[in-house]
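Just to be clear, the model below is a prediction. Sequence and coordinates:
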Protein chains: 2
Amino acid sequence: MDVRTICLGLLTYGEATGYEIKKRLEEGAIGQVTGVSFGAIYPALTRLAEDGLLSARDEPQDKRPDKKVYALTEKGRAALIEALLEPVGEDRFRSPFIFVMSLADLLPPERVQRLIDQRIAWVEEKRRDLEIMFEESTSEAQRFTCGYGLAVHGAELAYLRTHRRRLEECLAGERAGTRTGFVSAVEGGLSS
Amino acid sequence: MDVRTICLGLLTYGEATGYEIKKRLEEGAIGQVTGVSFGAIYPALTRLAEDGLLSARDEPQDKRPDKKVYALTEKGRAALIEALLEPVGEDRFRSPFIFVMSLADLLPPERVQRLIDQRIAWVEEKRRDLEIMFEESTSEAQRFTCGYGLAVHGAELAYLRTHRRRLEECLAGERAGTRTGFVSAVEGGLSS
DNA sequence: CCCAACATGTAAACGGTTACATGATTAC
DNA sequence: GTAATCATGTAACCGTTTACATGTTGGG
């Protein structure tokens, strides 16, 4: 999803400035699966307005710099829907954590343990955020999105907790002289 | 994770050519969370060899172009471990599908239904791939990685199936005149 | 007193992908 | 015959991030 479509999408929730669009992104569930910085947003908004997909209004503020408030035009709404009807691209998931874990044999067990602990804390936080977002959602579609994240991160958490425990047992086993691999098969088998 | 670290990581499974590194990436579980193209791999390998992190050997082949087989040096292995001990970066997840779903209100229900169906098919395929990768894994760390994907995608699948059904009911309800939101709350509550 | 939030914008740098160039072999 | 696999490499291009430039207000 390119910056343009993201901006159009965020503006369906009402008119906003570039700054506010960034905030909606960061504070909403959509920000979990998309991300753009000011350096990309501002030029995109300018072009979108030039193309007639957005209306721009200058709002002078005293004691603060002027605001440029953008709103979807009919043409913009049509362009957004058109974009949403196009075939969706593939997910793009980059996880340094999982990459490092895939090479865990090379690392001291304490490092792996810490990595998992940090990850658990991070996922827990993410889930807390998502719960708040879920409550604050104003549309079914937004609730669907938050629910998605909650479901996925819930499973992640369960997996991590199980394997953290397994790692602990292994370390204990090593001290006791019982050598076992520190990570073992997925519980419940492979099929679901 | 930059190309260099990825190449070093892939070479811990044994010496390989640039072409083979790409294959390991695509066919292994690590490819699910990292991705690089030839255009990035080849220059990276050249530089890595220049820096003494890899040894390069030219293997002439008859009936085929020459191979450049790279292998980790001691220095390279040390550099990799050093990189793995550094603080891991954040996940970066981009999902056009979830973005579109977050704006599902704007779309015809049939479109949403199809999107979910396609997604289910895609996740099912991904899971089949991961099951094979799990079976073929040679280390506990690799099994951990595959198991991770299986757990997460399993939850995703369950969520999608539930919500697909709900959407169906909603459509049926609409035909019968009973108006309900097409997506509803996450079953089992929000906490876990 | 300094930092965070508010507010917009530009330019350089970066990391990467895509396309191109080349060419033989094998399997359908 | 034609597509896929094997095999390496370069250059142009692309979207984004980072840093910079500028300035006010309010809270700790």
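Ah, there it is.

and the top helix by length along chain A, what other elements does it pack with?
Secondary structure of chain A per DSSP state H: the longest helix is helix A:140-175. Contacts defined by 3 or more CB pairs under 8 Å, 6 or more residues apart in numbering or on different chains; DSSP states H and E place helix A:140-175 against helix A:109-136, helix B:96-101, helix B:140-176. All C-beta atoms are positioned from the backbone trio N, CA, C, and that covers glycine.

quick one: it to helix B:140-176, angle?
Relative orientation of helix A:140-175 versus helix B:140-176 (axes from the mean of the first three to the mean of the last three CA atoms, to 10 degrees): 160 degrees.

Can you list the buried residues in helix A:140-175?
A:140-157, A:159-160, A:162-164, A:166-167, A:170 (16 or more other CB atoms under 10 Å in any protein chain shown).

Stretch A:65-82 now?
Those would be A:67, A:68, A:69, A:70, A:72, A:73, A:76, A:79, A:80, A:81, for stretch A:65-82 by 16+ other CB under 10 Å.

would TSV of these with secondary structure and distance to residue B:57 be doable?
Output for these, formatted as TSV (DSSP: H, G, I helix; E, B strand; the rest coil; distance: CB to CB, whole Å):
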residue	secondary structure	distance to residue B:57
A:67	strand	62
A:68	strand	59
A:69	strand	63
A:70	strand	58
A:72	strand	59
A:73	coil	62
A:76	helix	58
A:79	helix	54
A:80	helix	54
A:81	helix	56
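
before we move on, the earlier item: what mean pLDDT would you report for the longest helix of chain A?
Mean pLDDT, helix A:140-175: 89.

I'd like to check the angle between it and helix B:109-136, please.
10 degrees.

How far off centre is helix A:140-175?
Taking CA atoms, centre = their mean, to the nearest Å, one finds the center of helix A:140-175 at 17 Å from the center of the full chain.

and of the helices and strands packed on helix A:140-175, who's closest to residue B:23?
helix B:140-176 (15.7 Å; CB to CB).

Could you list the residues of chain A in contact with DNA strand C?
Neighbours of DNA strand C within chain A, by CB under 7 Å from any atom of the strand: A:17-20, A:23, A:38-39, A:42-43, A:45-46, A:61, A:64-69.

which SSE is whatever residue of chain A ends up closest to DNA strand D in?
Across chain A, the shortest distance to DNA strand D (CB to the nearest atom of the strand) belongs to residue A:39, at 2.4 Å. Taking DSSP states H and E as the definition, residue A:39 sits inside helix A:38-50.

Also residue A:4?
helix A:3-11.

pLDDT on that helix, on average?
Per-residue scores along helix A:3-11 average to 95.

Can you give the contact residues for that helix?
A:16, A:21, A:24-25, A:30, A:34, A:36, A:40-41, A:44-45, A:47-48, A:53-54, A:70-72, A:76-77, A:79-80, A:83-84, B:99, B:102-103 (CB atoms under 8 Å, 6 or more residues apart in numbering or on different chains).

Spatially nearest residue to the residue nearest in space to the middle of chain A, not counting backbone neighbours?
Geometric centre of chain A, nearest residue: residue A:32, 1.6 Å, by CA atoms, centre = their mean. Leaving out its chain neighbours, the residue that sits closest to residue A:32 by CB to CB, 6 or more residues apart in numbering or on different chains is residue A:149, at 5.8 Å.

Next up, the contacts around the one you found.
Contacts of residue A:149 by CB under 8 Å, 6+ apart are A:29, A:32, A:126, A:127, A:130.

at 10 Å what do you get?
When contacts are counted by CB atoms under 10 Å, 6 or more residues apart in numbering or on different chains, residue A:149 touches A:29, A:32-33, A:126-127, A:129-131, A:133-134, B:93, B:98, B:159, B:186.

All good on my end, thank you.
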